[in-house]
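A.B. asks: A predicted structure for the sequence below; I have some questions about it.
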There are 2 protein chains.
Amino acid sequence: MERDSRGILAVHRDEFAYEAAALRSRWDDLPLLCVGMVGSRRGWREIPYVTTPASLESLALGAIWVEQNSVAITPGVSHVVSDRCDVMRGEEVQFLGAVAAGLAPAERLLCQPGTHSKWARVQAAQILDFSTAMTGELYSLLRQHSLLAETLEGEAAIGAPFHNGVREGCKQTLLSSLFGARAAQLLDALPAGDGASFVSGLLIASDVQSQLRGVSEDVYVIGDAPLGPLYAAAIEALGGRPHMVDSAAAFVAGISKMWQVLA
Amino acid sequence: MERDSRGILAVHRDEFAYEAAALRSRWDDLPLLCVGMVGSRRGWREIPYVTTPASLESLALGAIWVEQNSVAITPGVSHVVSDRCDVMRGEEVQFLGAVAAGLAPAERLLCQPGTHSKWARVQAAQILDFSTAMTGELYSLLRQHSLLAETLEGEAAIGAPFHNGVREGCKQTLLSSLFGARAAQLLDALPAGDGASFVSGLLIASDVQSQLRGVSEDVYVIGDAPLGPLYAAAIEALGGRPHMVDSAAAFVAGISKMWQVLA
């Protein structure tokens, strides 16, 4: 297994074929099935989305061979209802892979925390509905460029400040709660080292709160540390029941199943 | 009257005395009463906040002469309740000045849209409670640094896209609604020129919604174009009754009253 941290912007549009060939040469020229942003407008080739309900089968059938018999790219998923649109590219493999591998039930709410956190409702091994929140991106913007930059030094961790943030996030007054964190620091009501945990709790709870339905809802969290455990803590604090899912195992199960359909 | 756009960061800490002397020399060396960020930790001298309930009298009595008989700085206002802190420096003059000048009733909800929008509840010419939202700063962060930058080109204006954003903002699912704007553009459901108005409506409605109480609440909006009318439109769409207040007149009334107390 290979893994690196290079994202879509690390590869120029003209260099995907070269990158794919280099990768295959390290793996006995096995065929390559690509998922995620490589199929977006900024990627190698734009592959049209499949719509919800989406399954591993419909995704595999929507794949396009960009190099005959050697390299294919799968589509992402779009969701359009009367007044709401959403898209994903890549996360669908983990969501449906988790179900295929038996790591999550075939009918449940699943969550993938991240720069853009994804929430999916699956039923009968199909993604019926999903929603993306800019939670991680907003945290990063606030940390780098905002009035809160100084308040957000250090790393977020589970503890009293995080849970205070979770409680504040439940009020669903995000825009004023964020300023409140700065004011609390100016008035010495929020110690300097606690700001990152407080605001992290605030943003994550705001995200979680708008997704949970009903009492004691089970949520399958596909995510690594540190974000996975932070989401699990917020879900639990808001009355949900979090279950951690191994994201690598979910991915492998999902992409293997798509390959079986495609090959 | 003089007015310029230089903010707190345009003047170095050691240069306030020089700036004040230059200003006074253009005005026959009249005494100077300073309000706002000049009294903050980053300003000329930090002037302790007065707490709510705050009146023009309590603000004037909290002023500190930084140059004997010639230059004084007034405090800002802090608000601390069990689980919430807030601060302002400067906006209190317009809020209480609007009431002093009869531009707003002595018991009402007032709003000052801006980078940090301020909402105050006044009663008997005192600020009882107030709340600050990062609405304008967040819009600017999204525009400059986020995935939505491309979606937010152009200027926000009142119209159908703005009102669609207002409806979306009422759902209080801000983090996912923001991503939804990007998804809608990718799926050609939101024309390129409409993004700024939609997201502006979304953020402003999210702010307004968390402040309005009861049916047909009157809100006195102290703000110039373009933000004042956008807030008024959102307040009206959400069932409130907006009334526009001239911010310059409110400011002059407020600072004049403080000077009468102080002199």
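C.D. replies: Perfect, thanks for sending it.
A.B. asks: and stretch A:94-104, which residues are buried?
C.D. replies: Within stretch A:94-104, the residues that count as buried by 16 or more other Cβ atoms under 10 Å in any protein chain shown are A:Gln94, A:Phe95, A:Leu96, A:Gly97, A:Ala98, A:Val99, A:Ala100, A:Ala101, A:Leu103, A:Ala104. Every residue, glycine included, has its C-beta placed from N, CA and C.
A.B. asks: how about these in CSV, adding pLDDT, distance to B:Leu178 and secondary structure?
C.D. replies: Listed next are these as CSV, based on pLDDT from 0 to 100; distance: Cβ to Cβ, whole Å; DSSP: H, G, I helix; E, B strand; the rest coil:
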residue, pLDDT, distance to B:Leu178, secondary structure
A:Gln94, 98, 23, helix
A:Phe95, 98, 22, helix
A:Leu96, 98, 26, helix
A:Gly97, 98, 28, helix
A:Ala98, 98, 26, helix
A:Val99, 98, 28, helix
A:Ala100, 97, 31, helix
A:Ala101, 97, 32, coil
A:Leu103, 97, 30, coil
A:Ala104, 97, 27, coil
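A.B. asks: Now distance to B:Met134 too, for those residues, in TSV please.
C.D. replies: TSV is the format used below for the buried residues of stretch A:94-104 (distance: Cβ to Cβ, whole Å):
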residue	distance to B:Met134
A:Gln94	33
A:Phe95	32
A:Leu96	37
A:Gly97	38
A:Ala98	36
A:Val99	39
A:Ala100	42
A:Ala101	42
A:Leu103	38
A:Ala104	36
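A.B. asks: Pipe the residues you listed into CSV and attach distance to chain B per row.
C.D. replies: Converted to CSV, the buried residues of stretch A:94-104 look like this (distance: Cβ to the nearest Cβ, whole Å):
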residue, distance to chain B
A:Gln94, 18
A:Phe95, 16
A:Leu96, 20
A:Gly97, 23
A:Ala98, 21
A:Val99, 22
A:Ala100, 26
A:Ala101, 27
A:Leu103, 25
A:Ala104, 21
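A.B. asks: Of these, which is the nearest to B:Leu203?
C.D. replies: Closest approach between those and B:Leu203, by Cβ to Cβ: A:Phe95, at 29.6 Å.
A.B. asks: Tell me which residues touch the closest one, please.
C.D. replies: A:Leu110, A:Gln112, A:Lys118, A:Ala120, A:Val122, A:Ile127, A:Phe130, A:Ile222, A:Ala250, A:Gly254 (Cβ atoms under 8 Å, 6 or more residues apart in numbering or on different chains).
A.B. asks: what's the fourth one sitting at in phi/psi?
C.D. replies: Here the main-chain torsion angles of A:Ala120 (degrees, to the nearest 10) amount to phi -130, psi 140.
A.B. asks: Of the contacts of A:Phe95, which is the most crowded?
C.D. replies: Looking at those with neighbours defined as other Cβ atoms under 10 Å in any protein chain shown, the largest count falls to A:Ala120 at 31 neighbours.
A.B. asks: Isn't that one up against A:Ile127?
C.D. replies: Yes: here A:Ala120 lies in contact with A:Ile127, judged by Cβ atoms under 8 Å, at a distance of 5.0 Å.
A.B. asks: Helices of chain A, residue ranges please.
C.D. replies: Taking DSSP state H as the criterion, chain A carries its helices at A:16-25, A:56-61, A:91-100, A:135-145, A:160-169, A:174-186, A:195-209, A:227-237, A:247-262.
A.B. asks: okay if I get those helices as TSV plus distance to B:Arg26?
C.D. replies: Formatted as TSV, the entries for these read as follows, by distance: least, Cβ to Cβ, whole Å:
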stretch	distance to B:Arg26
helix A:16-25	63
helix A:56-61	70
helix A:91-100	61
helix A:135-145	36
helix A:160-169	47
helix A:174-186	33
helix A:195-209	42
helix A:227-237	55
helix A:247-262	65
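A.B. asks: one step back: which residues are in contact with each of A:Ala120 and A:Ile127?
C.D. replies: When Cβ under 8 Å, 6+ apart defines a contact, the residues bordering A:Ala120 and A:Ile127 alike are A:Glu92, A:Phe95.
A.B. asks: Would you mind giving the domain segments of chain A?
C.D. replies: Chain A breaks down into these domains under automatic domain parsing: A:8-103+A:247-262, A:135-245.
A.B. asks: for the ones you listed, which one ends up most surrounded?
C.D. replies: Per residue and on average, the most neighbours among these fall to domain A:135-245, with a mean of 20 (mean count of other Cβ atoms under 10 Å in any protein chain shown).
A.B. asks: To B:Leu138, which of the domains of chain A lies closest?
C.D. replies: Comparing the domains of chain A against B:Leu138 with Cβ to Cβ, the closest turns out to be domain A:135-245 (6.7 Å).
A.B. asks: So that closest one, near chain B or not?
C.D. replies: Yes: Domain A:135-245 lies within reach of chain B by Cβ under 8 Å from any Cβ of the partner chain, at A:135, A:137-138, A:141-142, A:144-147, A:164, A:167-168, A:172-176, A:178-180, A:183-184, A:186-187, A:189-190, A:203, A:206-207, A:210.
A.B. asks: re earlier: can you tell me which of the contacts of A:Phe95 is closest to A:Cys85?
C.D. replies: Within the set of the contacts of A:Phe95, A:Phe130 lies nearest A:Cys85; the separation is 11.1 Å, counting by Cβ to Cβ.
A.B. asks: Quick check: the spatially closest residue to the closest one that is not a sequence neighbour vs chain B, distance?
C.D. replies: Taking Cβ to Cβ, 6 or more residues apart in numbering or on different chains as the measure, A:Phe130 lies nearest to A:Ala120, with 4.1 Å between them; neighbours along the chain are not counted. Distance, A:Ala120 to chain B, by Cβ to the nearest Cβ, to the nearest Å: 13 Å.
A.B. asks: can you check A:Ile47 too?
C.D. replies: Looking at A:Ile47 against chain B, where the rule is Cβ to the nearest Cβ, the gap reads 13 Å.
A.B. asks: Model confidence score at that residue, please.
C.D. replies: As predicted, A:Ile47 sits at a pLDDT of 97.
A.B. asks: Packing partners of the lowest-mean-pLDDT helix or strand in chain A?
C.D. replies: Every helix and strand in chain A was compared by mean pLDDT, DSSP states H and E; the lowest is helix A:16-25, with a mean of 94. Applying 3 or more Cβ pairs under 8 Å, 6 or more residues apart in numbering or on different chains; DSSP states H and E, one finds that helix A:16-25 makes contact with strand A:32-34, strand A:64-67.
A.B. asks: how about a markdown table for the ones you listed, with distance to A:His79 and mean pLDDT added?
C.D. replies: Written out in a markdown table, the entries for the helices and strands packed on helix A:16-25 read as follows (distance: least, Cβ to Cβ, whole Å; pLDDT from 0 to 100):
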| stretch | distance to A:His79 | mean pLDDT |
| --- | --- | --- |
| strand A:32-34 | 22 | 96 |
| strand A:64-67 | 21 | 96 |
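A.B. asks: To A:Glu155, which of those lies closest?
C.D. replies: Closest to A:Glu155 of the helices and strands packed on helix A:16-25 is strand A:32-34 (Cβ to Cβ; 32.9 Å).
A.B. asks: tell me how far the closest one is from the chain's mean position?
C.D. replies: Distance of strand A:32-34 from its chain centroid, counting by Cα atoms, centre = their mean, to the nearest Å, is 20 Å.
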